[in-house]
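>>> Sequence plus predicted model, see below.
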4 protein chains.
Amino acid sequence: MEKAKTGTRAAQADRSRAAILKAAVKVFSRQGYAGARTEQIASQAKCNERMIYYYFGSKDELFVSVLEHIYAQFNLAEARQRFDLANPQQAIRDLVAFTWNYYLKHPEFITILGTENLLQGIHARKSRNLRALSGTAVGMLQPIVEAGQAQGVFRDDIDIRHVYLMIASLCYFYNSNLHTLSCFLDDALASPKEKQHWLEFISDLVLRGLARVAEGT
Amino acid sequence: MEKAKTGTRAAQADRSRAAILKAAVKVFSRQGYAGARTEQIASQAKCNERMIYYYFGSKDELFVSVLEHIYAQFNLAEARQRFDLANPQQAIRDLVAFTWNYYLKHPEFITILGTENLLQGIHARKSRNLRALSGTAVGMLQPIVEAGQAQGVFRDDIDIRHVYLMIASLCYFYNSNLHTLSCFLDDALASPKEKQHWLEFISDLVLRGLARVAEGT
Amino acid sequence: MEKAKTGTRAAQADRSRAAILKAAVKVFSRQGYAGARTEQIASQAKCNERMIYYYFGSKDELFVSVLEHIYAQFNLAEARQRFDLANPQQAIRDLVAFTWNYYLKHPEFITILGTENLLQGIHARKSRNLRALSGTAVGMLQPIVEAGQAQGVFRDDIDIRHVYLMIASLCYFYNSNLHTLSCFLDDALASPKEKQHWLEFISDLVLRGLARVAEGT
Amino acid sequence: MEKAKTGTRAAQADRSRAAILKAAVKVFSRQGYAGARTEQIASQAKCNERMIYYYFGSKDELFVSVLEHIYAQFNLAEARQRFDLANPQQAIRDLVAFTWNYYLKHPEFITILGTENLLQGIHARKSRNLRALSGTAVGMLQPIVEAGQAQGVFRDDIDIRHVYLMIASLCYFYNSNLHTLSCFLDDALASPKEKQHWLEFISDLVLRGLARVAEGT
DNA sequence: AATGAATGAGGGTTCATTCAT
DNA sequence: TATGAATGAACCCTCATTCAT
């Protein structure tokens, strides 16, 4: 038995730490890094502001933990997926759908990543775990693409990173930039129906991108 | 004659205003909205902090002006483009290349948009000009797509907004998320060579997406 | 006319700055560096706490200004003294009395110096003016000692710095350590009478130290 | 047997207490009272911060213990000295040398005393032991001075406290104010050679001060 | 048109200390 | 004996903004 029982002081400590982390995800997500207030994080975590420094050291280090956390959560969700390698095209559809839906249900993933990129990745660079945590993304893709190539339905001349980027771009941008897009495309963009259409469009698009022979080019 | 002479007091005022705007673009772009300091903007504009309030009213309103400014700049650049409607496929390639290169050369466009989206579009909504300013994007696309459809090389069952989103996504995400992507894909992503490869890949992809018949789906 | 009139905004600014400095001397003197509170300084100066940073930049830099100030004040007082070189022994008595009385009437001089020395001179080292400001001390002494030597009443084999240190030590320590001394010597040490006795003792002592022939050694 | 064996729990407690005291001397000495951090003291004592409160009650009471400790240490060292009453002048030289060297080797004695005096002796007043602990100082001096007077080499009209103060002043000030003195006298003041010169100068000076007949006054 | 002086609210962070085991 | 968790007060400092000229 490594973990102590629920009533333990140590367990309570874990709960406090987790509460802060959860609150931090929410607040950083909504307010950005500079806009986030440690006081707000503390009050949402129902703990003393001091505890943030007790457990995480500083706002900066807290953000690093937040980054690691959202990647870990994404990995967990991804690891639960099973893709049917016997049908690579369907597997790709499933992967696109998974990615799209994850972004849809986890807007904080988008906003935290956006925040970190605006800060030019300073926190990501500080994290030792992050590279390991985020490494799986391409890993899940690889067997699918290779299966498709083996079956002769996917192109051989393709960079796996391009496949990853293609999917990520098409899923991410729609969500990350919805607010400015709504301003001059269509407010309807935010509606479930429009989102469904977009998912269908990009699923098809990704497969076109992977298809062995591409006409009309 | 609309503009007064260079030596005029009014001209000096224009110059001050422009200097503040330029500095604001730079600072907001690097630090985000909450992270940007009015003092820094003033010092970069080589003017008194008070002038920001004199010309723009508040930090908030200054940001609105910045938003309008970067869209206006983008429109100006776009309006200078000429796309050959006789060859719709080449026109699409040119449009993708233009978009990609604009993002590449104007990172502030990406970061300001990112900032505004993290703020959930509150400034965009305040601007009266913005809708007008940003409306052109799809406008330039429409004739090209229609020309391709008329020539029978582009699909008929396509939503023009999807075409726009597809291009924007593929050009934007690579640049906006370069920092976190570098963390687990490849540092090389930032190299000119990799960027060129990506441009080729997405040009081809967009055409595949528009192609009348898509095999292997 | 270099200085503007009393009513000017600039004059008011000077007054604010001076008020802060004066309050800082008092508070640093009583509480030490770490113990001093910027809020207390501001409230004693009847100004907004922010003004400290406006005029001095930081607590640290404020302390440097305080150091420079107390030295400048001491110099001013010293410069007003006239020592009769025709009677070097009386001149020495006068100098000792002046030093002693200055310390007595300006306890902040003692405490600020004590504070700075506990901090190992970090602020003194930062000041560009300080060396210049404090240089006079030995300067006033030199002509007196030389006059005494010329008259044959003072020793020739003497280091001027030793004379300075001797006087300073004997005047300073009694005041700087009065609190702990009272604890085991005599509470009466703080009485004017005892102080007068000490002044007489050290005046005599300094002259013995300077005397050409010292018997009984 | 008063002390328990080394392995005992009580012995361990003594060691913890001593470690904290030692660390406290160091930290208070370097940072002053307000500047000293209980955390730093604990970490230097390699114990939990809580232990400070367990053994000493509060930061304040810890400082009182520190005061008592350094006086006790000084007394211990002083008690080890043997002064030759047959030669009072040499005895005085020895006493001056002992005092000077003690200050030189125990800078914390100077800084702690300085700190306490800046705090206006609030802790000293709280201590019950302190008066007893510090009373010896004059006690060692008395027999020497009386021996000198009996031999007719020392003045009869002298206040023993003045002798004490004279010696303490001349030994203390040089060390306590070295940092600011270096700023405008000479950096060389800190060199062993200069210190040796000063010791010679003040030894001679003290004897001049005690000498029965003083010419040139 | 432009600016130096001033401000109040609140920023992240640190402090000595206590609780509970 | 010893310690990890928790706290509230306050610390230095910075912010966007306004006043007064």
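All right, it came through fine.

>>> Excluding sequence neighbours, find me the nearest residue to the most centrally placed residue in chain A.
Centroid-nearest residue in chain A, with Cα atoms, centre = their mean: A:F109, separated by 4.7 Å. Leaving aside its sequence neighbours, A:F109 sits nearest to A:I70 (Cβ to Cβ, 6 or more residues apart in numbering or on different chains; 5.3 Å). For the C-beta atoms, the positions are set from N, CA and C on the backbone; glycine is no exception.

>>> Who are the packing partners of the host helix or strand of that neighbour?
For A:I70, the host element (DSSP states H and E) is helix A:59-79. Counting contacts by 3 or more Cβ pairs under 8 Å, 6 or more residues apart in numbering or on different chains; DSSP states H and E, helix A:59-79 packs against helix A:9-35, helix A:49-56, helix A:88-105, helix A:107-118, helix A:122-126, helix A:130-134, helix A:136-151.

>>> okay if I get those as CSV plus distance to C:R82 and mean pLDDT?
Formatted as CSV, these follow (distance: least, Cβ to Cβ, whole Å; pLDDT from 0 to 100):
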stretch, distance to C:R82, mean pLDDT
helix A:9-35, 62, 90
helix A:49-56, 60, 94
helix A:88-105, 85, 98
helix A:107-118, 69, 96
helix A:122-126, 64, 91
helix A:130-134, 74, 74
helix A:136-151, 86, 91
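
>>> one step back: and the residue nearest to A:F109, what pLDDT?
pLDDT recorded at A:I70 is 95.

>>> mind listing what it touches?
Contacts for A:I70 (Cβ atoms under 8 Å, 6 or more residues apart in numbering or on different chains) come out as A:V25, A:H106, A:E108, A:F109, A:I112, A:L113.

>>> quick one: which helix or strand includes the nearest residue to the last one once chain neighbours are set aside?
It stands for A:L113. Spatial nearest neighbour of A:L113, excluding adjacent residues (Cβ to Cβ, 6+ apart): B:T180 at 5.7 Å. Take DSSP H and E as the rule and B:T180 turns out to sit in helix B:178-184.

>>> and for that helix, what are the contacting residues?
Residues from elsewhere that reach helix B:178-184, judged by Cβ under 8 Å, 6+ apart: A:113, A:116-117, A:120-121, A:124-125, A:130-131, A:134-135, A:137, A:165, B:174, B:189-190.

>>> tell me the angle of the following helix or strand past it relative to helix B:136-150?
Using DSSP H and E, the helix or strand that follows helix B:178-184 in sequence is helix B:192-210. Using axes from the mean of the first three to the mean of the last three Cα atoms, to 10 degrees, the inter-axis angle of helix B:192-210 relative to helix B:136-150 is 60 degrees.

>>> for helix B:192-210, packing partners?
In terms of contacts (3+ Cβ pairs under 8 Å, 6+ apart), helix B:192-210 is packed against helix A:160-176, helix A:192-210, helix B:88-105, helix B:160-176.

>>> phi, psi of A:S58?
Backbone torsions of A:S58, given as degrees, to the nearest 10, read phi -170, psi 170.

>>> Ignoring the adjacent residues along the chain, who's closest to whichever residue of chain A sits closest to DNA strand E?
Residue nearest to DNA strand E within chain A: A:K59 (3.4 Å; Cβ to the nearest atom of the strand). Distances taken as Cβ to Cβ, 6+ apart put A:T38 closest to A:K59, at 5.7 Å, once the chain neighbours are dropped.

>>> hang on, the earlier thing: any buried residues in the helix holding A:I70, and which?
A:59, A:61-71, A:73-75, A:78 (16 or more other Cβ atoms under 10 Å in any protein chain shown).

>>> go on, stretch A:159-176?
A:161-176.

>>> for the helices and strands packed on helix A:59-79, which one ends up most surrounded?
Of all those, helix A:107-118 has the most neighbours on average by mean count of other Cβ atoms under 10 Å in any protein chain shown, namely a mean of 23.

>>> can you pull the contacts of A:V96?
With the criterion set at Cβ under 8 Å, 6+ apart, A:V96 makes contact with A:I167, A:L170, A:C171, A:L199, A:I202, A:S203, A:V206.

>>> which one of these is nearest chain C?
Closest approach to chain C among those (Cβ to the nearest Cβ): A:C171, at 47.2 Å.

>>> So the closest one versus chain D, what's the distance?
47 Å (Cβ to the nearest Cβ, to the nearest Å).

>>> quick one, what contacts that residue?
A:C171 neighbours (Cβ under 8 Å, 6+ apart): A:V96, A:T99, A:W100, A:Y103, A:I202.

>>> any idea which of the residues you listed is the one closest to DNA strand F?
For those, the nearest to DNA strand F is A:Y103 (31.0 Å; Cβ to the nearest atom of the strand).

>>> about what we covered before: how about the CA coordinates for the helix holding B:T180, as CSV?
In CSV, the C-alpha atoms belonging to helix B:178-184 read as follows (Å, rounded to 0.1, in the frame of the first residue of the first chain):
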residue,chain,number,x,y,z
LEU,B,178,4.9,26.9,-32.9
HIS,B,179,6.3,27.2,-29.4
THR,B,180,4.4,24.3,-27.8
LEU,B,181,4.6,22.3,-31.0
SER,B,182,8.4,22.7,-31.0
CYS,B,183,8.3,21.2,-27.5
PHE,B,184,7.3,17.7,-28.7
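
>>> What mean pLDDT does that helix get?
Mean per-residue pLDDT for helix B:178-184: 88.

>>> now that helix: how far from the chain's centre is it?
The chain centre lies 21 Å from the centre of helix B:178-184; the measure is Cα atoms, centre = their mean, to the nearest Å.

>>> swap in stretch A:23-30?
Taking Cα atoms, centre = their mean, one finds the center of stretch A:23-30 at 15 Å from the center of the full chain.

>>> Now do the phi/psi pair for the nearest residue to A:G152 once chain neighbours are set aside.
What sits nearest to A:G152 in space, not counting adjacent residues and going by Cβ to Cβ, 6+ apart, is A:R212, at 6.6 Å. Reported as degrees, to the nearest 10, the phi and psi values for A:R212 are phi -60, psi -50.

>>> Alright, calling it a day.
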